[in-house]
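Engineer: Predicted model follows, preceded by the sequence.
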Amino acid sequence: MEGKGEIKLPGNKEEVFNQLMDPDVLEKCIMGCKDLEKMEENKYKADLSVGIASVKGKYDATITLTNVEEPNHYTLIVHGEGNPGIVDAEGNIHLESDGANETLLHYTYTADVKGKVASIGQRMLGGVAKLIINDFFKKAKKELQRQQSAS
């Protein structure tokens, strides 16, 4: 599966970048993330519980942030294993200033699933992937707005 998109986020590019690199923000924004524990610099262990249609289950996952070029871009890599199967996903995030206090975030992603979860079909999985990604950015936007109003 592959996809791409963009979203306008509140805050300048540096603020948005820092928030999207913050493990507390990542934990709040990743759907079904129950715990995010730092393993080493830019690498985390996560307990994910995802339940959408027949794609349900718990995954032991690692989340790695690579190709970090502050405040312009980074790559987020997720590898999860659980009873429903294996999920490997990679998302490339690119930030661009869009006015004094807004940032345009462009993203591309690829995802591959194996095991029982793959048996439901790529068409449905593509919809699930879009739902999870849209949920992540919707939550990230809310978190950025909340933190800006607290400042």
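Structural biologist: Sure, I can see it. Residues are numbered from 1 along each chain as shown.
Engineer: Just name the shakiest helix or strand of this structure by mean pLDDT.
Structural biologist: When the helices and strands of the chain are compared on mean pLDDT, DSSP states H and E, helix 122-150 comes out lowest with a mean of 79.
Engineer: Just the pLDDT for Lys56.
Structural biologist: Listed pLDDT for Lys56 reads 69.
Engineer: hang on, the earlier thing: okay, buried residues for the least confident helix or strand of the chain please.
Structural biologist: 125, 128-129, 132-133, 136-137, 140-141, 143-144 (16 or more other Cβ atoms under 10 Å). Where you see a C-beta, it was placed from the backbone N, CA and C, and this is true even at glycine.
Engineer: now the protein, which segments are flagged as low pLDDT?
Structural biologist: Low-confidence segments of the chain, defined by pLDDT under 70: 51-56, 117-127, 151.
Engineer: can you rerun that using 50?
Structural biologist: Within the chain, no stretch has pLDDT under 50.
Engineer: Can you point out the buried residues in stretch 17-25?
Structural biologist: 17, 19-21, 25.
Engineer: Serialize the residues you listed to a markdown table and add fields for secondary structure and distance to Leu9.
Structural biologist: Putting these into a markdown table (DSSP: H, G, I helix; E, B strand; the rest coil; distance: Cβ to Cβ, whole Å) gives the following:
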| residue | secondary structure | distance to Leu9 |
| --- | --- | --- |
| Phe17 | helix | 10 |
| Gln19 | helix | 9 |
| Leu20 | helix | 9 |
| Met21 | helix | 14 |
| Val25 | helix | 12 |
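Engineer: and which of the residues you listed is nearest Gly99?
Structural biologist: Among the buried residues of stretch 17-25, Phe17 lies closest to Gly99 (Cβ to Cβ), at 16.0 Å.
Engineer: So the closest one is in contact with Glu69, correct?
Structural biologist: No - applying Cβ atoms under 8 Å as the test, Phe17 and Glu69 come out as separate, 9.5 Å apart.
Engineer: Could you tell me which strands sit next to the biggest strand by length in the chain in the sheet, and their orientation?
Structural biologist: Using DSSP state E to define each element, the chain has its longest strand at strand 55-69. Strand pairing for strand 55-69, using DSSP bridges, gives strand 43-52 (antiparallel), strand 73-82 (antiparallel).
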